[in-house]
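# Pasting a predicted model and its sequence here:
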Amino acid sequence: MAEAKGVPLRTPIEANSASRSAGLLKRTLSTLLLLPAFLAIVIAGPAWLFGATVVLVAALGQWEFTGMFERAGIQTYRVIGLAGGVALTASFAWPVSERGFTVILLAVLAAALGRPRGQRTGWEPLVITVFGICYVNWLLGYGVWLRDLPFGKEWILLLVWVTWLGEAAAYLVGSTVGRHQLAPLISPRKTIEGAAAQFFVSIAAAVVGQAWFFSELPREHAVVVGAVLGVAGQIGDLVESALKRSVGTKDTSRLIPGHGGMLDRIDSLLFNTPVLFYYAAHGRMLTS
């Protein structure tokens, strides 16, 4: 094989293996740095600090959402979207959150109509901005309600534990032994093998979490939670992949090494959080 300056050229297989190893290392280091802070906020922090964290994370995700459209040359109302999104996520701490949701969306519409003179008129910027608020800030806001339920801390820990372990399993299995594409038109790298791994590991993670830190949750409900999150999380991942593909980008930003942007990190949580909230609050969840 030809060499460049005495260094052997790597085959595509070797290059892909090295890329996977580097990506896994970055993911691991990022998790080791972020996880202790997250656990401290959930376990030892007051409710307002957790709520503020949810608002901040959603705000970063919202900013990245409009940013990826702007980079593709598609106009949005970024500042209006950021302000409206922050208000909407924070409204989950209000006693009249449903009314707050309506008021905030009306305010966003009014602010968009009052844009500076000379700015292009059209529905596309407004639709994208409002969709971003609903997609990021509204869905993640359910985390505030989930935290306020009985055993709220345990629900949050279970949510993140199952979601992130399932994602890790999908990444490891899909990148090493995955051969059959799951959704080639949306995300060519996602495989059926990775999807199956995420589903079954999510169930296993929920069962382990029930035995480890959430003994009040009956075992059969832990299995159901794992299965539901193992499916909903993958739908959330595919939805974000479709959005990124529509504007020709791979990552929403480079904020978190090995993961991409904040929105890349929470895409599964955007679907898993409201799903778990409604299961815990309105489903037939019988605690022992």
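Arrived safely, thanks for sending.

# Let me know the secondary structure of Ala222.
Secondary structure, DSSP: H, G, I helix; E, B strand; the rest coil: Ala222 is helix.

# roughly how far apart are it and Leu158?
8 Å (Cβ to Cβ, to the nearest Å). Quick note: C-beta positions are derived from backbone N, CA and C, even for glycine.

# just Ala110 next, same as before
Using Cβ to Cβ, one gets 40 Å for the distance from Ala110 to Leu158.

# More neighbours: which of those two?
Here Ala110 and Leu158 are compared on neighbour count by other Cβ atoms under 10 Å; more neighbours surround Leu158, at 26 against 10.

# What strand or helix carries that one?
Remark: Leu158 resides in helix 152-176, with elements defined by DSSP states H and E.

# swap in Lys190?
According to DSSP H and E, Lys190 maps onto strand 187-191.

# And the helices in the stretch 101-250 of the chain?
Using DSSP state H, counting those that start in this stretch, the helices of the stretch 101-250 of the chain run over residues 123-132, 139-148, 152-176, 192-212, 219-246.

# If you count neighbours, what's buried in the strand holding Lys190?
Residues 187, 190-191 are the ones in strand 187-191 that count as buried (16 or more other Cβ atoms under 10 Å).

# Could you export these as TSV, including pLDDT?
Written out in TSV, the entries for the buried residues of strand 187-191 read as follows (pLDDT from 0 to 100):
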residue	pLDDT
Ser187	83
Lys190	87
Thr191	88
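
# What is the nearest of these to Glu240?
Of all those, Glu240 sits closest to Ser187, with 9.2 Å by Cβ to Cβ.

# if I look at the closest one, how far off is Leu109?
Counting by Cβ to Cβ, the gap between Ser187 and Leu109 amounts to 33 Å.

# How about Leu269?
Summarising the geometry, the distance separating Leu269 from Leu109, computed by Cβ to Cβ, is 27 Å.

# For burial, what's the neighbour tally of the residue nearest to Gly81 when sequence neighbours are not counted?
Of all residues not flanking Gly81 in the chain, Thr129 sits nearest, at 4.2 Å (Cβ to Cβ, 6 or more residues apart in numbering). By other Cβ under 10 Å, 27 other residues sit near Thr129.

# How about Thr176?
As a burial measure, Thr176 scores 12 neighbours (other Cβ under 10 Å).
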